[in-house]
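Enquirer: Sequence plus the predicted model coming up.
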Amino acid sequence: MAEQKGCNGISRRSFIKLASGGVIAVSANWFLPKFSWSAGDEIRIGGIFELSGGLSTIGVEQAKGAELAVKQINATGGVVSNKPGALGRPVKLILEDTESKVATGLAKAKKLVERDKVHILNGIVMSSISMAIQEYIKEQKIPFVNSGSGNEEIVHPPHCGRYFFKGTYGNPQIVLAAQYGAKKHGGRWYFIADNYSWGYNCTKFFKQAIERVVKLEVAGEDYPPFNSDNYAPYITKIKSANPDGVAIGVCGGGYARFIKQARQMGLKTFFHHNFYSRPDVKAAGDTSLGMTAGTNFLIENPKIPRAKKFAEDFKAFTGDYPGGTGADGFNSIEVICKAIHEAGSTDPEKIVDALENIAFKEGIITPVYQFRKCDHMATFGVHTIEVVQDPKYQYDSKLIEEVKDPDQLLTPCGKTGCEESMKKG
Amino acid sequence: MEKNSLSFLRRSAWGWIGGILLFLGAALLPLLFELSSEASYLQYTAVRMMILGLYAMSFDLLFGFTGIFSFGHAAAFGASAYASAIFFTRFQVTEPMIVILGGLALAVLVSVFVGYLSSRVGSVAVFLVTFASTEVMQLIAFSNPAGLTNGENGISGIKRTAVLGLFSVKPELNFYYFTLLILVVSYFLLRKTVNSPLGDVFQGIRGNAERVRFLGYNVEQYKIVSFAISGLFAGAAGSLNALHEGTVAPEVLSWFLSGDAVLFTVLGGPGTLIGPILGASIIVLVQEILSDFLREWLVFVGMSYVVLILFLPKGLFPMFSRIFQNRVNRPSNLSATTK
């Protein structure tokens, strides 16, 4: 009997056979030995980023920074080595998308560790995803450098541990940039932040930072849901409270939406945002002009000429100039590769030791980048910037001042409660 | 007549043989995994398939058999996951069975409440009521009442110990068999339910609720019962998920997860119980395979979903089943047995 054929000439039976064959062929990948000319030699870095979902604006930029760093290191060795790669071996960045979900992020981390056998994990913006992965890497004893979470709770007990490093600034450091606005405009402030732990954490440290320079008067505080579409009710409240300044801890899509809606509703009060995000500032357009923010990265940084070169490379690679998150993604890969190079091995214990002792002076963010041994929190300079229009960059972060003693609000070493979990074994 | 009854017997026997082979295959799968250097990860992925399959199968009772289109099935899953996590981390209850039972209790409670609200409204409003109920629950989880849910960060640090102090489910392999056992038992319990007089009423409601009412049944009460039973099994999936991942976050109460139940069930074949497990497994498998090559794998899944809805509205399982039956009932096979 002739097989019944569809309009395209392929029978249903043939289609099923073909599809099954395809699935088996692709699945066989799991059971066959990994074939690659340098599979045994590669240094494998698992990059887990928020490439989709609520935080994708900064997650994508961060991933691009990481990809660029790997490309440069593999081409020339970059600042890591005088020959291509690290330890003379090519670096492979395996990218995964958390979809901004905890379960997916954790599953991807497991995939990278257990399937792709990565030597180290990197990435992540959302602290909730980071915490879930931190729990997992404690068991697996795989190093993980978080390059995007601002919430410093991730280095508090029970989350801190020997294998985890917080590679970007925390709220206690970045909020100090608000002191400039407090000194200039006064001490009556309204706080608006996302309704989750990072947002609450922002407000808590904003208050501490402002209190250190002026007498703080809280005009009000609100916590709209993360990624809200409509901030009008909160903006109305801010208008009626008439504060000297508004301290903003809103990220994701809400970053640009809040600023836009506030200015469109005629709120002329001084704005200070927790962190400078170039993609979000671009999305907010001219309404973000005049706003100040904290940042660890400046394109035009007199102390770090290499930052400008990085910005040009990033532009050539992605079509746009980088913000702080792109720089964090780039920097963390350089730090990881440098540590592996100095460790002389991909042994996790040796990588951790090297990261603990690193003093990275060739980076693009800060003159000397290092981690505190007591909780593995990165320490570096913080700048207060103002969003300005620029003929070259369209929007730029103009340096206003460098924050003095950026670690003043950090929990002092000896009181972190992490000391025990930092020990080997 | 004789030919028809023989054909029925053959189909029934083949069904049992197929089921036993499927079970044996699932039981032996970890041995195949051991051939791979990624055994632990493959077991982890297979457990994910089974948990999501159980979750989808529970939705099938509500949607495929009772005809209630709930868009808030994550409520039972999430409530159970949170209850299990709270039992473990706040009350230091480490026995997995108690953790699961605690989760089931809350899942049933939540389902009865949502079912009560939903049973009083029309079919379109059910969608809104179930969706809104889950959203409210997620907001509660975000708000961290009495410090129980830990807001956005969720609850982590859930560890797997020994079931009844006898069988440790800490190794991924042991947890695989534990999950498989729960999945199989759940399947038989649900199969028993849908084949019972209660199941007939559910299917009657799906066909024509008014006619069932005229026969003297309290349709609203039966809908609540359907929600409760469905919630019980969704709760089992939620608790297993909490134990499997070791963490629970507000996304277990998201509409995405509710949408997943619909997707898995429609893809696999509603009203079949086994179809939703197939649907969940395919989606997890496709995610695993495609996400290696295609960052936008969800777009592909979405497009395939539309194509399947257009060309296979009854889902994949009925199609496979029909192909299988056609093979069994081939004239050559029948003539061989009736000679």
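Expert: Perfect, thanks for sending it. Residues are numbered from 1 along each chain as shown, chains lettered A, B, ... in the order given.

Enquirer: Quick check: the residue of the stretch 51-200 of chain B nearest chain A.
Expert: residue B:152 (3.1 Å; C-beta to the nearest C-beta). Heads up, the C-betas are built off the backbone N, CA and C, glycines and all.

Enquirer: Let me see the contact set for that residue.
Expert: A:127, A:128, A:195, A:196, A:197, A:198, A:226, B:142, B:249, B:250 (C-beta atoms under 8 Å, 6 or more residues apart in numbering or on different chains).

Enquirer: wait, is it part of a strand?
Expert: No: under DSSP: H, G, I helix; E, B strand; the rest coil, residue B:152 falls outside any strand and is assigned helix.

Enquirer: Find the nearest non-adjacent residue to it, please.
Expert: Spatial nearest neighbour of residue B:152, chain neighbours left out: residue A:196 (3.1 Å); criterion: C-beta to C-beta, 6 or more residues apart in numbering or on different chains.

Enquirer: now residue B:93, what's its secondary structure?
Expert: Classified using three-state DSSP, residue B:93 is coil.

Enquirer: Quick check, pLDDT for it.
Expert: Looking at residue B:93, its pLDDT is 89.

Enquirer: My guess is it contacts residue B:102. True?
Expert: Yes: counting by C-beta atoms under 8 Å, residue B:93 touches residue B:102, with 7.1 Å between them.

Enquirer: so what sits against both of these two?
Expert: In contact with both residue B:93 and residue B:102: residue B:87, using C-beta under 8 Å, 6+ apart.

Enquirer: Comparing these two, which shows the higher neighbour count?
Expert: residue B:102 (21 against 16; other C-beta atoms under 10 Å in any protein chain shown).

Enquirer: Show me what the host helix or strand of that one is packed up against.
Expert: Assigned by DSSP states H and E, residue B:102 belongs to helix B:96-118. Packing contacts for helix B:96-118, counted by 3 or more C-beta pairs under 8 Å, 6 or more residues apart in numbering or on different chains; DSSP states H and E, involve helix B:74-89, helix B:123-143, strand B:162-163, helix B:219-245.

Enquirer: For residue B:155, which residues count as its bridge partners?
Expert: residue B:248 (DSSP bridges).

Enquirer: Please tell me I have it right and it contacts residue B:89.
Expert: Yes: between residue B:155 and residue B:89 there is a contact under C-beta under 8 Å: 5.5 Å.

Enquirer: quick one, which of those two is more surrounded?
Expert: residue B:155 (25 against 17).

Enquirer: on that earlier part again, which positions within the helix holding residue B:102 qualify as buried?
Expert: Neighbour counts over helix B:96-118 (16 or more other C-beta atoms under 10 Å in any protein chain shown) mark B:96, B:99-104, B:106-111, B:113-118 as buried.

Enquirer: Also stretch B:19-31?
Expert: So for stretch B:19-31, counting by 16+ other C-beta under 10 Å, buried means B:26, B:30.

Enquirer: residues near residue A:325, how many?
Expert: Neighbour tally, residue A:325, other C-beta under 10 Å: 30.

Enquirer: Model confidence for it, exactly?
Expert: So residue A:325 comes in at 91 (pLDDT).

Enquirer: Which helix or strand in chain B has the lowest average pLDDT?
Expert: helix B:331-338 (a mean of 51; mean pLDDT, DSSP states H and E).

Enquirer: pLDDT below threshold where in the chain?
Expert: Just going to use chain A. Low-confidence segments of chain A (pLDDT under 70): A:1-40, A:425.

Enquirer: looking at chain B here, not the other one
Expert: B:1-12, B:295, B:327-339.

Enquirer: Spell out which parts of it neighbour chain A.
Expert: With C-beta under 8 Å from any C-beta of the partner chain as the criterion, chain B comes near chain A at residues B:35-38, B:40-42, B:44, B:48, B:139, B:142-143, B:151-154, B:156-157, B:241, B:245-247, B:249, B:251-252, B:256, B:285, B:288-289, B:291-292, B:295, B:298, B:323.

Enquirer: Can I have the buried ones of these as a PyMOL selection?
Expert: Typed into PyMOL, the next command selects the buried ones out of the residues of chain B next to chain A (criterion: 16+ other C-beta under 10 Å):
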select buried, chain B and resi 36+37+38+40+41+42+44+48+142+151+152+153+154+156+241+245+246+247+249+251+252+285+288+289+291+292+298
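
Enquirer: First-to-last residue distance for stretch A:367-379?
Expert: By C-alpha to C-alpha, to the nearest Å, the extent of stretch A:367-379 from end to end equals 11 Å.

Enquirer: Could you check how far it is from the centre of its chain?
Expert: 16 Å (C-alpha atoms, centre = their mean, to the nearest Å).

Enquirer: list the buried ones in that stretch?
Expert: Buried residues in stretch A:367-379 (16+ other C-beta under 10 Å): A:369, A:370, A:371, A:372, A:374, A:375, A:376, A:377, A:378, A:379.

Enquirer: from these, which single one is nearest residue B:55?
Expert: residue A:376 (37.3 Å; C-beta to C-beta).

Enquirer: returning to what we had before: which two of the buried residues of stretch A:367-379 have the greatest separation?
Expert: Spatial extent of these (C-beta to C-beta) is set by the pair A:369 and A:374 at 16.9 Å.

Enquirer: who's in contact with the residue in the stretch 51-200 of chain A that chain B sits nearest to?
Expert: The stretch 51-200 of chain A approaches chain B most closely through residue A:196 (3.1 Å), counting by C-beta to the nearest C-beta. By C-beta under 8 Å, 6+ apart, the residues touching residue A:196 are A:128, A:226, B:142, B:151, B:152, B:153.

Enquirer: Tell me where the stretch 1-150 of chain A has helices.
Expert: Along the stretch 1-150 of chain A, the segments classed as helices by DSSP state H, counting those that start in this stretch run A:12-27, A:56-76, A:102-110, A:127-140.

Enquirer: and the second one, does that touch chain B?
Expert: If I follow you right, that is helix A:56-76. No: using C-beta under 8 Å from any C-beta, helix A:56-76 never reaches chain B; the gap is at least 9.9 Å.

Enquirer: buried set for that helix?
Expert: A:56-74.

Enquirer: what packs against it?
Expert: By 3+ C-beta pairs under 8 Å, 6+ apart, helix A:56-76 packs against strand A:43-49, strand A:91-97, strand A:120-123, helix A:278-284, helix A:306-318, helix A:324-343.

Enquirer: returning to that earlier point: a markdown table please, covering the helices of the stretch 1-150 of chain A and showing distance to residue A:322.
Expert: A markdown table is the format used below for these (distance: least, C-beta to C-beta, whole Å):
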| stretch | distance to residue A:322 |
| --- | --- |
| helix A:12-27 | 36 |
| helix A:56-76 | 6 |
| helix A:102-110 | 24 |
| helix A:127-140 | 22 |
